[in-house]
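Engineer: Give the three-dimensional model of this entry:
(chains A, B, C and D, ligands or ions: 4)
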Amino acid sequence: MCRRAPHTGAVGTQIPQCYLAPSARSVPTESANRWRPCESDPHVSAVSMSVLESPSSALETPGLASNSASPERRRSPWPRFLLGRILGGVGAVFGACTLVFIMIAATGNPIRLLLAGAASDEEIARLTAEHGYDRPVLVQYLVFLRDVATGSFPPSLRMGVNPFGPVLTALGNTLALTILAIIIGALAGLVIGYLTVVLRNRFVVNALLTGIFALQAIPSFFLGIVLVLLFGLILPIFPTSGSGTPLHLVLPALTLAAVVAPGIARVFRTSLLETLGQDHVLAARAKGTPAAPFLRRHVIANALAPVISLLGVQSGSLLAGAILVESVFAWPGLGALTVDAVTNQDYSVVIAAVVVIATTFVTTTVLADIVVAILNPQFRVER
Amino acid sequence: MDLILEDGPLLRVENLSVSFGRPDALTPIVHGVSFDIRAGECFGLVGETGSGKSVTGLSIAGLRSPHSGIQTGRVSIGSRQLPEARDTAAMRAWRRDEVGVIFQSPTTALNPRLSVREQLIEALPRATPRGERTRQARELLDRVGVPRATERLDAFPRELSGGLAQRVMIAMALARGPRVLIADEPTTALDVRVQRHILDLIDELRQDLGLAVLLISHDIGVVGDRADRLGVLRSGHLVESGDTARILTAPADPYTRALIEANRVEGAHTAAAPTGNEPPREPLLEVRDLTKRFRRAPRRGPVPPAAVDSVSLSIGRGESVAIVGESGSGKTTLARMITGLTAPTSGALSLAPQLGIAPANPRIARAQYVFQDQFSSLDPRWSVAAQLSEPLKNRGISGDALPGEIGRLLGEVALDPALATRYPAQLSGGQRQRVGIARALASEPDFLVADEPVSALDALVRAEVVALLDRLRRERHMTLVLITHDLSIVSALSERVVVMRDGRIVEDAPTHTVLTSPTHPYTRELLEAIPGTRIAALNSPHPLPER
Amino acid sequence: MSVGAGLRARGRTAHRSGTTPQLVVGISIVAVVVLGTVLAPLLAPYDPNAVDLGSMLSAPSIDPFHPFGTDQVGRDVLSRVLYGGRAALIVGLFSTLIAVTLGVLFGLLAATGRTVDAVIGRIADIQLSIPGLVLALLALSLFGTTPLGIIIIIGLEWWPMHYRVVRDKIRELTASPFVEASRLGGSGRLRTFGGHILPHLIPVLAVTVTFNVSTAVLAESGLSYLGLGSQPPTANWGLMIAESRTQLGDAWWGPVFPGLALVVFLIGVQMVGDALSRRFAATGRGGVPWI
Amino acid sequence: SEPASAAKKDSIVIAISGAFSSLDQLDSGNLRSDGSVLGSIYSSLTRLNSSGELVGDLAEKWVATDAHTWTFTLRPGVTYTDGSALDASVVAWNIKRLKDHPDSPGATAQLVKNVAEATATDATTVTITTTTPDIDLPRKVAGIYYLQPKWAETHNTKLESLASGPYEIATYEPQKQVVLTANPKYSGTQPDIKKVTLRVVSDAATRLSGLKSGEIDAGFVIDPSDLNQLKSVKTLRTGAVDSNRVQVLRFNRDNPALADKRVREAINYAIDKDAITKTIYGGLVKPARTEVLSSLYEGYDSVTKAWPFDLKKAKELLAEAGYANGLDLELSVPKGAYVGAELAAPVLQSQLAEAGIKLTLTVTDRQVWLDRTFTDKAADLTWFGSADNSTVATDLLTFYGNTWSQTHGQVPEAYDAAVAAAKAADTKDAQLAQIKTAVTTAADDAYVVYLWPQPQTFAVNSSLNWKIRGDDYIWPAEISTK
Ligand SMILES: Nc1ncnc2c1ncn2[C@@H]1O[C@H](COP(=O)(O)OP(=O)(O)OP(=O)(O)O)[C@@H](O)[C@H]1O
Ligand SMILES: Nc1ncnc2c1ncn2[C@@H]1O[C@H](COP(=O)(O)OP(=O)(O)OP(=O)(O)O)[C@@H](O)[C@H]1O
Ligand SMILES: [Mg+2]
Ligand SMILES: [Mg+2]
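Structural biologist: Residues are numbered from 1 along each chain as shown, chains lettered A, B, ... in the order given. Ligands and ions are numbered 1, 2, ... in the order given. Below is the predicted model:
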């Protein structure tokens, strides 16, 4: 989802930047390797691949333009903002669900699969009619909608239960994995991004930047099997499959974290550089603020917003990445469930999974927006 | 606190040199600059962009990174020496206790994430209890003239207007009671009226607190008005320094002279007092009850008032009209409606048809527009020749005639024809602005609307562009509508001044009348705010109202 | 103009020279991989599918000539790696083409009016809310795995990116003074569009396109890894990794060489994209055009 | 990790390659996953022990009272974990339940097709009557499990269970794992292993690394080349036993080329099975004889030799049939279903190429492959390795007859007739004779491409005493520790 960068008030270039949702690898758009007033060399050497993508914060903040000097008159922008976001999200989820339903309905008749080979054609026809798979897609869809509206989501063909139960259980596993991956990945990304900015040793910085670059190019499934080899067999520290103990989470989470970290590192680095180039940082320095609060309050906190937005939009790609990673590590998550349901054509499970995935994705994006908005002082009007 | 002798210098800068880059590839930026400032004195530092003014100022404030090259020379305040860059604790103490710094753009110099209270408190001594610090912060805001200080403490930078933000910035600079105040272009980003208030505030603080003020600006008009003494910086060398009045009247260095000359803009009307018996002009443009109301941006704020509100105006053929007014008063919107770039919400606008030369292409507007921003008004992917040939081709000129015509146009705006092959990025600001004008001329317009054509340019370049406009106007008998806030330009170029406020015309009279005896109080206030009084007073034939 | 902006602009100009080596290295890497793949019939020492039960899982060696070793049924890994990029590159190229075409088309449409924009925006939101891999999984297992299907499904995933970029750029440009000046100078809509808007889309698209190529290649190998892409015995990087992944601890050459080919290619593409984005950032405020 | 054999194990992890689908035999399909759980938590009348012999479970003895009737005498005192008794009425109720759901997707419906009625004569006697004589019935009922009727009416039988077998379910997470714990109320001998985790690990590489690191104590369906890697792991015992699945390629005789017997024979001749079994299968198996029955079936060994490899003859036959200039065929192979199939398929491809047959491979997900076998779009050749629930030869042979929906095109009527006669035979000898007729008919007709029996590859912790079964069931009750 693309959001305009907020106007920082600077008259400098404000190139609209774009973040692309379903990617762990955020798009390198126009970079901002800015001049830094307090750094010896603004450009890391040519070979260093230092450019990192656009950080400029991706948020659309309500009420941003109201530069009225009298804050007390302003109404809180929250309700509108939230309502808009939530409605949009619900719309997207509904659309996704519709799309998937039509795709499934267009292809065929799941009854065939449910019956063992011996079923006669009449039997198939009878059951097909019984389940309503012979009606036009549109009718099937309307019936489906009615069922959903009346609270009777079609049960899983295989499990005979409302598919949301198993799907939500799997979601729990996937969330455990992705959240841990995000924490590890984000922390690693932040630390690496930070180090590439503050370290003075060019060699180390270039090595870090190259590392980020390479990590970004390694497919997660490949990294996964390499990690299994390294930490499961050569240095048998962690279990390589299944779930149960917290240790089981380590390798899959690391693999998935590797999907998160490079993007975060790049965005944070660029954002830090940009922040460091801003006048207010110089102003804070001019106040003689001690190093620690200076960095925390004026540099890092200010540079975080684009990172959080990125995390929000990355969640979609993380769910996708999780499919591959879950398959490598036998992690019983949503990915495995979806793949399974798709191959079994257990359509109500598939739809439930898509609804849950889309909802999760939309929710995290909205959450990220909200967090960014909270970080944004404009939202603190109402105290 | 050491004792400051009444006339002994407080800030001493001796032989300050700064170079940037890695040790093996140093680029010298400031070369052996020396000057001093007494307590209560204002020292102005002027020079074209990139001359090293900011670097000098930041070096004195101890704000240069120790990693980005080297700095030699001696800087002291009273008996205290600017510490070694690597001695971070001492350096921090220096920044904290000795100097206050004000930056150019108040909105970006405040951390957008923190409230005014938090930012002010941070500048106050940490040992003081928080409640006490809040009280002090409020007092500081009061001191710098922020109304409703208690409320404003909880405001965020974006809720503040530019002027208020700059006051907060000043309050922050004053928090620790510094003895030296470095103001690096403190008003460049502000509206003229606000600019004046801020400069007044700095003056007042300087006198009340006995601050030594280093006022940095590229605008000799601003500095000339305020500084007791002046230093002129060129390519990192202090080419001249001394008493302001002396330098303004008798500059020793040719560069200084050029800077001052540039401020005294000459034009056809500079000398021409109205005789009162000019022949009535045929009206070229007739505007009646023109109104523009912008749609409210989605999700944002209340419906704004009309940007241009029932404006009626008549401009005669060959006339030269200046539109002045504070920021947001609707000047640009009016100009854009005149040229057809913006559609009016209501009202009538007519361009006398019989007078214009019927253009070959009906789409070509007879009113051309010169954009304020020379950066974005030229397509960066097109060479100068291509930019100019587009309107020419639209006029039906093509093939062999094209290069000649391009050469002629470039000649007309006094550009080397060799520039035709260059791209905008390879041109200086002044050159770009001239290409913009040439492009407007290529359409053979009946009249030209120039929207602050020089406000972003250096003084020297500004003078050249103004001279060019004036020449074109005279030679081509072109009607000129000029939007500006620069008084000297107004007096040099225009016969008539239209003053706008909140989308309405509050005054419309001959230049001489407006400049000497404005009828509307707003006009008067506006005129007073415009900097360069001192230079103007020294040079202008129109006696300006003394303050 | 803020104090720093001028300096920054100047600072950026200084960087411009710095981007070239990266671009050159990136393009070289991509070129080597592409050439290797295209010229595979000439370069490969063996038929990629030639089974040799006599030399199964033999380690990399020069004599017999198997520099990358052989796989579980004795096929030459080098030959398979050379051929193995085909699907990835073809899918990368064509799905990007689809995505760009759709994205640009929708971007242009969206620039024409608010309603159209809103509708397309909603569609993009829906598209974005289903992770591409989930959609691909579903579509491919529902409609079967055909190369065209893979291209289409991967192509569909990324159009919103191009769409947003194009739309934003067009909006930005239409409001920009030089476009207004062009109109004032008497140029018609089409001329202004062709002359002043289209050329500016190219650099932005160059960046999104390189990005798209790398994600599409990644997606193709991911699908092949999951068994939804190329079918055995086709040589295909993702599939080769999948087929030999159990051998990683033993006959490591099976999965490692196709993996390396994939990683190297992706690094190359990313370097190009990165260098381009830097380059265009440098030209952001009116640098000299070079595309 | 430390050698697991050091300590006596009472908790093990077994890797299963596919997810579980249901705890109700009406819906459960996969023998290895679902069948293993069902067999551990529920009781059946009879059972095949690890040597393939039919033994009693609930039933103490069973006799054929007449050609259409079997009487089973139950062990008394068998209860469910809630204390309720598993008696004859429960058995009868369950068989009726299966009969009432003839369309159920599970394979069990097939088993009771021939059953007319089951009645509980008294608490320990069940009489089952069949529509036609059925000497295989005691074997068939080995695959039928018995639910507690009252409980079944009020619970979701797909996800919940009430155990009567050696184990009960501690947790059931179909996508992830099933944890079995010893059932303290079990009426038979308590199993040695108290806790068994059947973990879904569908990725072969992950299975392998889990086995290597000791996280997993047992794994099956391991490619022979991967088995070699595991041989060096000290904590593991690896190997293969013959399985009940003979690998064949089924012809789609709707393709006119394949309706021609000469072409079918040519394909059989063109494949060098010996080379493949020696290399890809590492000598774990020998080429199959010309029959679909493996050594586990009664009726096996009725034909004694494998189809010979003779490329010249293959070419001749093809030329004779008019395909001297080549023939394009498609082979559909399921992924991860049969050991070594994906590796052997490209070899078949290159071997057939020698004979002028251009084979296109379609390796798809198991479900997709299966789906296709039922439709008209079935590939020219489909890789199969079928087995029935209870290793009953007549059931297996039915899969290859005209009545079966995976058969495309007409096969000889004589085959169907022989299979039907075998089913209805009232003595073992008569049945074996009919089976022989059917198998010979098939071989003469070059019914399928006979490849090799699938090796039941395994790698298990060497501290476990475990006789690996040739069929797919994993019954932890059969495991003990050393
Ligand atoms: N950290 C730095 N590293 C390298 N060069 C620098 C650095 N800081 C400033 N410069 C260079 O020093 C020169 C002087 O810059 P400075 O900011 O002092 O100019 P200025 O006179 O303030 O101009 P302006 O009017 O545009 O603000 C410029 O050419 C600038 O590029
Ligand atoms: N495109 C637009 N959409 C919405 N509001 C606008 C737009 N353009 C101008 N305005 C508003 O109209 C009013 C007049 O703007 P205008 O640009 O004409 O002022 P100006 O006198 O030229 O100011 P400045 O000296 O700052 O250039 C302002 O309040 C401005 O915010
Ligand atoms: Mg400066
Ligand atoms: Mg304006």
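Engineer: Who are the contact partners of the residue of the stretch 51-200 of chain B found nearest ligand 2?
Structural biologist: Per Cβ to the nearest ligand atom, the residue of the stretch 51-200 of chain B with the smallest distance to ligand 2 is residue B:191, at 7.3 Å. To be clear about C-beta, it is placed using only N, CA and C from the backbone, and glycine gets the same treatment. The neighbours of residue B:191, taking Cβ atoms under 8 Å, 6 or more residues apart in numbering or on different chains as the test, are B:162, B:163, B:326, B:327.
Engineer: roughly how far apart are it and chain A?
Structural biologist: According to Cβ to the nearest Cβ, to the nearest Å, residue B:191 stands 14 Å off from chain A.
Engineer: Quick one: neighbours of residue 259, just the number.
Structural biologist: As the question left the chain open, I've gone with chain A. 29 (other Cβ atoms under 10 Å in any protein chain shown).
Engineer: not what I meant, chain D
Structural biologist: Residues near residue D:259, counting by other Cβ under 10 Å, number 14.
Engineer: Surely it is in contact with residue D:411?
Structural biologist: No. Shown here, residue D:259 and residue D:411 do not form a contact pair, counting by Cβ atoms under 8 Å, at 10.3 Å.
Engineer: what do these two both touch?
Structural biologist: With Cβ under 8 Å, 6+ apart, residue D:259 and residue D:411 have common neighbours residue D:253.
Engineer: rewinding a little: just the ones of the contacts of residue B:191 in helices?
Structural biologist: B:162, B:163 (DSSP state H).
Engineer: Just the buried ones among the contacts of residue B:191, please.
Structural biologist: Listed as buried from those are B:162, B:163, B:326; burial here means 16 or more other Cβ atoms under 10 Å in any protein chain shown.
Engineer: At which residues are the strands of the stretch 101-250 of chain A located?
Structural biologist: Remark: no strands are assigned in the stretch 101-250 of chain A by DSSP state E, counting those that start in this stretch.
Engineer: Find the closest residue to chain C in it.
Structural biologist: For the stretch 101-250 of chain A and chain C, the shortest gap (Cβ to the nearest Cβ) falls at residue A:217, measuring 3.7 Å.
Engineer: got the contact list for that residue?
Structural biologist: Contact analysis of residue A:217 by Cβ under 8 Å, 6+ apart lists C:214, C:263, C:264, C:266, C:267, C:270.
Engineer: What distance do you get for it to residue A:255?
Structural biologist: 15 Å (Cβ to Cβ, to the nearest Å).
Engineer: How about residue A:228?
Structural biologist: 9 Å.
Engineer: Name the residue in those two with the higher neighbour count.
Structural biologist: Using other Cβ under 10 Å, the more surrounded residue of residue A:228 and residue A:255 is residue A:228, with 31 against 27.
Engineer: what's around residue A:164, how many residues?
Structural biologist: The tally of other residues near residue A:164 (other Cβ under 10 Å) stands at 17.
Engineer: Equivalent analysis for residue B:371, please.
Structural biologist: Using other Cβ under 10 Å: residue B:371 sits among 27 other residues.
Engineer: Show the contacting residues for it.
Structural biologist: Residue B:371 touches B:377, B:436, B:451, C:177, C:180, C:181, counting by Cβ under 8 Å, 6+ apart.
Engineer: Flag every residue of the stretch 201-350 of chain D that's near chain C.
Structural biologist: Contacts of the stretch 201-350 of chain D with chain C, taken as Cβ under 8 Å from any Cβ of the partner chain, map to D:203-205, D:208-209, D:212, D:223, D:225-226, D:228-229, D:275-276, D:279-280, D:335, D:342-343, D:345-347, D:349-350.
Engineer: What subset of those residues is buried?
Structural biologist: Buried among these by 16+ other Cβ under 10 Å: D:203-205, D:208-209, D:212, D:223, D:225-226, D:228-229, D:276, D:279-280, D:335, D:342-343, D:345-347, D:349-350.
Engineer: Quick check, central residue of chain D?
Structural biologist: Most central in chain D under Cα atoms, centre = their mean is residue D:387, positioned 3.8 Å from the mean C-alpha point.
Engineer: quick one: residue B:182 and chain A, what's the gap?
Structural biologist: Separation of residue B:182 from chain A (Cβ to the nearest Cβ): 9 Å.
Engineer: Then residue C:81?
Structural biologist: 14 Å.
Engineer: Share the number of residues neighbouring the residue in the stretch 101-250 of chain D that chain A sits nearest to, please.
Structural biologist: Distances between the stretch 101-250 of chain D and chain A by Cβ to the nearest Cβ are smallest at residue D:176, namely 3.1 Å. As a burial measure, residue D:176 scores 25 neighbours (other Cβ under 10 Å).
Engineer: so where is the stretch 251-383 of chain A shaky, pLDDT-wise?
Structural biologist: Under the criterion pLDDT under 70, the flagged ranges of the stretch 251-383 of chain A are A:313, A:316-317, A:375-383.
Engineer: Get me the contact residues on it for chain D.
Structural biologist: Within the stretch 251-383 of chain A, the positions lying close to chain D (Cβ under 8 Å from any Cβ) are A:327, A:328, A:329, A:330, A:332, A:336, A:337, A:340, A:343, A:344, A:345.
Engineer: Can you report how many residues lie near the last one?
Structural biologist: It refers to residue A:345. 24.
Engineer: cool, and the fourth one?
Structural biologist: Burial measure for residue A:330: 28 neighbouring residues, criterion other Cβ under 10 Å.
Engineer: any idea what sits nearest the residue of the stretch 101-250 of chain A closest to chain C, other than its immediate chain neighbours?
Structural biologist: Nearest non-adjacent residue to residue A:217, counting by Cβ to Cβ, 6 or more residues apart in numbering or on different chains: residue C:266, 3.7 Å away.
Engineer: just checking, that neighbour touches residue C:217?
Structural biologist: Yes. The pair residue C:266 / residue C:217 is scored as a contact, 6.5 Å apart, by Cβ under 8 Å.
Engineer: domain parsing for chain B?
Structural biologist: What the record gives for chain B is the domain set B:10-95+B:183-195+B:206-265, B:99-177, B:305-529, from automatic domain parsing.
Engineer: pLDDT weak spots in the stretch 101-250 of chain B?
Structural biologist: For the stretch 101-250 of chain B (pLDDT under 70), the answer is B:189.
Engineer: Mind jotting down where the strands sit in it?
Structural biologist: B:180-184, B:212-217, B:229-234, B:237-243.
Engineer: Pull the CA coordinates from stretch C:140-148 and hand them back as CSV.
Structural biologist: Provided in CSV are the C-alpha atoms of stretch C:140-148 (Å, rounded to 0.1, in the frame of the first residue of the first chain):
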residue,chain,number,x,y,z
LEU,C,140,-2.2,-23.4,-9.7
SER,C,141,-3.6,-26.3,-7.9
LEU,C,142,-7.1,-25.4,-9.1
PHE,C,143,-6.3,-24.7,-12.7
GLY,C,144,-3.2,-26.8,-13.1
THR,C,145,0.4,-25.9,-13.4
THR,C,146,1.1,-24.6,-16.9
PRO,C,147,4.0,-22.3,-17.6
LEU,C,148,1.5,-19.7,-18.9
